[in-house]
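> got a predicted model here, sequence first, then my questions.
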Amino acid sequence: MTKVNFKGLGVALITPFREDGSIDFEALSRLLDYQLENGTDYIVALGTTAETPTLSRQEKAEVVRFIVDKINGRIPVVMGVGGNNTAALSEELRTTDFTGVSAVLSVTPYYNKPTQEGLFQHYCALSQASPLPVILYNVPGRTGVNMTAETTLRISRHCSNIIAVKEASGNLDQIKAIIDGAPEGFRVISGDDAVTTAVIEMGGIGVISVFGNAFPAEMAWLVRNALEGDAVHARRKMEEDFNTLFHLIFVEGNPAGVKCLLHLKGMVENRLRLPLVPVSEKTQQLIKGELDKFN
């Protein structure tokens, strides 16, 4: 099994929709060109930011195939394959056509709230079923369960094809414990734009970014400088320029904020699928006010 280096900037790509609610593949093509031209190191398809729970199985396959064909091997593609039914996910991993995909990103099971032992056994099963390297995804704010550092490290030592974790717990002590205790070859990726430089300073290898949908060149610069040992300067520069915008795009949830931002930049329609809705007029005006500073 080939192990890909996911160092740098990964972008959790949105799924653009037309006014009628269908997938806007023309806008998706533009977004991919924008990423390729502005330093993004890899694309994450079918993540949370892609509104994946609202996509049909056929739509998911179409989106991934479109992304893979468009990128054509220029940068790696990571595909989200997550859920809370271990047997069904294992079957999906065994039967999906992963041509052109470099790794899968699999979120911790949500809603059923497994124990740490349940999380361990879940990922062991996925590891055995997956033909590709697996990146764990810990995001307790969405799933209702936090995968502890001890469990993450236990999985990393037990499953050789589980190569990294996207950590979005917001707990820097937990993230540091994973980095410090990780076996050789297991990496930590920030799952939160706002703490990217802090995670890199501790030994993380980059970020899977939401903000990078709209500002890939700026996020690539931030990550590159932090990885080269200049995290303080990178963080100061980004905080001066983007701190308010960073927070505004999450005020009413993800991806509503970043879709609003992309819409204001003229790249996509401001459309989401229920139960998600566009941000309020108030938030849109605040985002516009910040964006206008860069024009």
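Noted; the coordinates are in hand. Numbering: from 1, shown residues only.
> quick one: list the elements packing against the helix or strand of the chain with the lowest mean pLDDT.
Every helix and strand in the chain was compared by mean pLDDT, DSSP states H and E; the lowest is helix 231-248, with a mean of 88. With contacts defined as 3 or more C-beta pairs under 8 Å, 6 or more residues apart in numbering; DSSP states H and E, helix 231-248 has these neighbours: helix 196-202, helix 216-227, helix 281-291. Any C-beta I mention is one placed from the backbone N, CA and C, and that applies to glycine too.
> now mean neighbour count, distance to Thr244 and mean pLDDT too, for those, in TSV please.
What follows is the helices and strands packed on helix 231-248, written out as TSV (neighbours: other C-beta atoms under 10 Å; distance: least, C-beta to C-beta, whole Å; pLDDT from 0 to 100):
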stretch	mean neighbour count	distance to Thr244	mean pLDDT
helix 196-202	22	17	96
helix 216-227	22	14	96
helix 281-291	15	5	97
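> and Glu167, which of those helices is closest to it?
Distance to Glu167, taken as C-beta to C-beta, is lowest for helix 196-202 among those, at 7.3 Å.
> residues making contact with stretch 256-265?
14, 16, 31, 49, 210-211, 213-214, 245, 248-251, 268-272, 276-279, 283-284, 287-288, 291 (C-beta atoms under 8 Å, 6 or more residues apart in numbering).
> now the least confident helix or strand of the chain against helix 281-291, angle please.
150 degrees (axes from the mean of the first three to the mean of the last three C-alpha atoms, to 10 degrees).
> pull the residues that contact helix 231-248.
193-194, 197-198, 200-201, 211, 215, 218, 221-222, 225-226, 257, 261, 283, 286-287, 290-291, 294.
> how about stretch 60-71?
By C-beta under 8 Å, 6+ apart, the list of residues contacting stretch 60-71 reads 13, 15, 23, 25, 28-29, 32, 36, 43, 45-46, 50, 52, 55, 77, 79, 97, 99-101.
> list the buried residues in that stretch.
By neighbour count, with 16 or more other C-beta atoms under 10 Å as the criterion, the buried positions of stretch 60-71 are Lys60, Val63, Val64, Phe66, Ile67, Val68, Lys70, Ile71.
> what mean pLDDT does it get?
The average pLDDT within stretch 60-71 is 98.
> would you mind writing the CA trace of that stretch as CSV?
Provided in CSV are the C-alpha atoms of stretch 60-71 (Å, rounded to 0.1, in the frame of the first residue of the first chain):
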residue,chain,number,x,y,z
LYS,A,60,-21.4,11.1,-4.1
ALA,A,61,-19.9,8.9,-6.7
GLU,A,62,-20.4,11.5,-9.4
VAL,A,63,-18.7,14.2,-7.3
VAL,A,64,-15.7,12.1,-6.5
ARG,A,65,-15.3,10.9,-10.1
PHE,A,66,-15.6,14.5,-11.3
ILE,A,67,-12.9,15.7,-8.9
VAL,A,68,-10.6,12.8,-9.7
ASP,A,69,-10.9,13.4,-13.4
LYS,A,70,-10.5,17.1,-13.2
ILE,A,71,-7.4,16.9,-10.9
